[in-house]
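Chemist: sequence plus the predicted model coming up.
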Amino acid sequence: MKSYSAVGVILKRRNFSEADRIITIFTKYHGKIYAIAKGVRKITSRKAPSLEPFTLCKLFIVSGKNLDIITETELISSFPSLRKNLKSVTLAYEICEMIDRLLPEKQINRSLFELIINSFNALNDPQQKMETSNQEEVLMKILWDLGYLPENRSLHGVELSNFIENILEKKLKSRQLLTKIEQLI
């Protein structure tokens, strides 16, 4: 069995069997990968805090037959201040959802990885409030980096959320959450 280590951002997790989870990770040198974390849903699991959505961690992974297996984790940053602001959490979920749905598996994109880390650091900084225009700029950069925007980076009058949803052919769950939050506030 081949083993490797990777630094990555947790994009998504979903339950699998009684005690396991399938984790979607975006790494700098391996692209987007899927791996199983065995026993992570048990109360005694030491890996669980490192495998929460939008955490940055170092993972030790063994290549498996169908899915890679996460053997160890080391938390680098959980972006704690980001989690205290509901709008920041929503934007972080939107970034993770876009990358998860638009980026093919194992496609390496180092500039996109750096963009995510910089965005999460900005959202994590309590002194720096990310304005709506900055949020849209981050989403536009993601689309540009993935090749979904034309060369002039213009949407020709189309709203950004509609543009993204047309590409995905589905509504963004995080965008719906943000709309509900804005109605409540």
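Modeler: Happy to help now that I have it. Residues are numbered from 1 along each chain as shown.

Chemist: poorly predicted segments of the protein, please.
Modeler: Within the chain, the segments meeting pLDDT under 70 span 1, 129-133, 151-157, 175-182, 184-185.

Chemist: mind doing that once more with 80?
Modeler: 1, 126-135, 150-162, 170-185 (pLDDT under 80).

Chemist: all helices for it, in order.
Modeler: Secondary structure of the chain (DSSP state H): helices at 86-102, 110-124, 132-145, 160-168, 173-184.

Chemist: I'd like these laid out as CSV, including mean neighbour count and distance to residue 4.
Modeler: C-beta coordinates here come from the backbone N, C-alpha and C atoms, glycine included. As requested, those are exported to CSV (neighbours: other Cβ atoms under 10 Å; distance: least, Cβ to Cβ, whole Å):
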stretch, mean neighbour count, distance to residue 4
helix 86-102, 20, 21
helix 110-124, 18, 16
helix 132-145, 16, 24
helix 160-168, 15, 30
helix 173-184, 13, 30
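
Chemist: of the ones you listed, which is nearest residue 57?
Modeler: Residue 57 lies closest to helix 110-124 among the helices of the chain, at 12.2 Å (Cβ to Cβ).

Chemist: figure out how far the closest one is from the centre of its chain.
Modeler: Here helix 110-124 is found 10 Å from its chain centre; the criterion is Cα atoms, centre = their mean, to the nearest Å.

Chemist: which secondary structure elements does that helix contact?
Modeler: strand 3-16, strand 20-27, helix 86-102, helix 132-145 (3 or more Cβ pairs under 8 Å, 6 or more residues apart in numbering; DSSP states H and E).

Chemist: what helices or strands is the second one leaning on?
Modeler: Right, the one you point to is strand 20-27. strand 3-16, strand 31-37, helix 86-102, helix 110-124.

Chemist: can you rerun that using 7 Å?
Modeler: Contact partners of strand 20-27 among helices and strands, from 3 or more Cβ pairs under 7 Å, 6 or more residues apart in numbering; DSSP states H and E: strand 3-16, strand 31-37.

Chemist: most tightly packed of these?
Modeler: strand 31-37 (a mean of 21; mean count of other Cβ atoms under 10 Å).

Chemist: surely residue 124 meets residue 81?
Modeler: Yes: judged on Cβ atoms under 7 Å, residue 124 makes contact with residue 81 at a distance of 4.8 Å.

Chemist: thinking again about what came up before, now tabulate the helices of the chain in JSON lines and tack on distance to residue 67.
Modeler: Converted to JSON lines, the helices of the chain look like this (distance: least, Cβ to Cβ, whole Å):
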{"stretch": "helix 86-102", "distance to residue 67": "16"}
{"stretch": "helix 110-124", "distance to residue 67": "22"}
{"stretch": "helix 132-145", "distance to residue 67": "26"}
{"stretch": "helix 160-168", "distance to residue 67": "24"}
{"stretch": "helix 173-184", "distance to residue 67": "24"}
